[in-house]
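Novice: Coordinates for the following, if possible.
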Amino acid sequence: MAALDSLLFFTGLGLSEQKARETLKNQTPSAQLREAATQAQQTLGSTIDKATGTLLYGLASRVRDTRRLSFLVSCIASKKTHTEPRLSAALDYVRSHPLDPIDTADFEQECGVGVTVTPEQIEEAVEAAINKHRPQLLVERYRFNVGLLMGEARAVRGAGKCWEGLW
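Specialist: All right, here's what the predicted structure looks like:
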């Protein structure tokens, strides 16, 4: 592909012109993004929307084991992996499970596929975390480590590693 064609291809995925030019300068992520986008187009049978293109870019720039590229692209194209937290969880999963075959059921559970966290569940989780630490919160007030609350609130039951909070 000529440089101009590649630039147009990458900007068609939703990358800014500057990000597309930077990507073209680095051959490995450029080739992986082109391959991932081509596979996604074959799966989708249509053009790639900006959200999917952004996820494919994130995948191409962070995937280490190219044997897993096709599997991860199919997850993105089928919208099983449709957010950045789920992509991060998917990449963590394939890094921690290097041997074939991938246990699809375990992968989907770890990556939160099919899990939807409602605002009510978020509210309940935040309330539970605050109530658990209420005495300490009242004593320490502004010195309290809020990260502790955030970590517990994110542990929404059944959400896997890739909780999609509304923070």
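Novice: Using the record, which stretches count as separate domains in the chain?
Specialist: Domain ranges of the chain: 3-110, 116-167, per automatic domain parsing.
Novice: what's next to the helix or strand encompassing residue 18, contact-wise?
Specialist: Here residue 18, judged by DSSP states H and E, is contained in helix 17-25. Residues outside helix 17-25 that contact it (C-beta atoms under 8 Å, 6 or more residues apart in numbering) are 3, 6-7, 10-11, 15, 29-30, 33, 57, 61. Using the backbone N, CA and C atoms, a C-beta is placed for each residue, glycine as well.
Novice: And those, which of them are buried?
Specialist: When the contacts of helix 17-25 are checked for burial by 16 or more other C-beta atoms under 10 Å, the buried set is 6-7, 10-11, 15, 29-30, 33, 57.
Novice: Determine which two of those residues are furthest apart.
Specialist: Longest distance between any two of the buried ones among the contacts of helix 17-25 is 15.6 Å, between 11 and 29; criterion C-beta to C-beta.
Novice: What residues does residue 63 make contact with?
Specialist: 32, 69, 72, 91, 94.
Novice: how much space is there between the fourth one and residue 29?
Specialist: Residue 91 sits 14 Å away from residue 29, going by C-beta to C-beta, to the nearest Å.
Novice: Please name the spatially closest residue to residue 35 (chain neighbours excluded).
Specialist: Excluding its sequence neighbours, the residue lying closest to residue 35 (C-beta to C-beta, 6 or more residues apart in numbering) is residue 69, at 6.7 Å.
Novice: neighbours of that neighbour, just the number please.
Specialist: Applying other C-beta atoms under 10 Å, we find 17 residues neighbouring residue 69.
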